[in-house]
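1. Here is my input, please return the structure:
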Amino acid sequence: MQIVTGTVVGGKIVLEGASLPEGTAVTVLAKDSEAAVRLSPSLQAEFEEALDEADREEGIAGEELLERLKKYG
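-> Take a look at the predicted model:
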């Protein structure tokens, strides 16, 4: 997994200083200065563990992830 920064231009994401191979599946987390996400230390640890799990290619279906995230509002 890698983290790449970009900007939306004309409805498409233009990456800054990096490129990804054609067909790469990506997840986009948009920064919004008015709606910052702040995690408690325990949730931050859970999030980082989930990222590590994703790196190991283990995981759950997207639908299940969305259901689990609902408990956080």
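
2. So, low pLDDT: which residues of this structure?
-> Per-residue confidence for the chain (pLDDT under 70) gives these ranges: 1, 32-36, 58-59, 73.

3. ranges for the helices of it?
-> 41-55, 62-69 (DSSP state H).

4. Any buried residues in the shortest one, and which?
-> Just to be clear, that refers to helix 62-69. Neighbour counts using 16 or more other CB atoms under 10 Å place no residue of helix 62-69 among the buried ones. Every C-beta, even on glycine, is put in place using the N, C-alpha and C of the backbone.

5. Please identify the residue most distant from the middle of this protein.
-> Among the residues of the chain, the one whose C-alpha is farthest from the average of all C-alpha positions is residue 10, by CA atoms, centre = their mean at 21.7 Å.

6. Indicate which one of the helices of the chain is closest to residue 15.
-> For the helices of the chain, proximity to residue 15 was assessed by CB to CB; helix 41-55 is nearest, at 19.7 Å.

7. from the chain's centre, how far out does the closest one sit?
-> If you compare the mean C-alpha spot of helix 41-55 with that of the full chain, they lie 11 Å apart, counting by CA atoms, centre = their mean, to the nearest Å.
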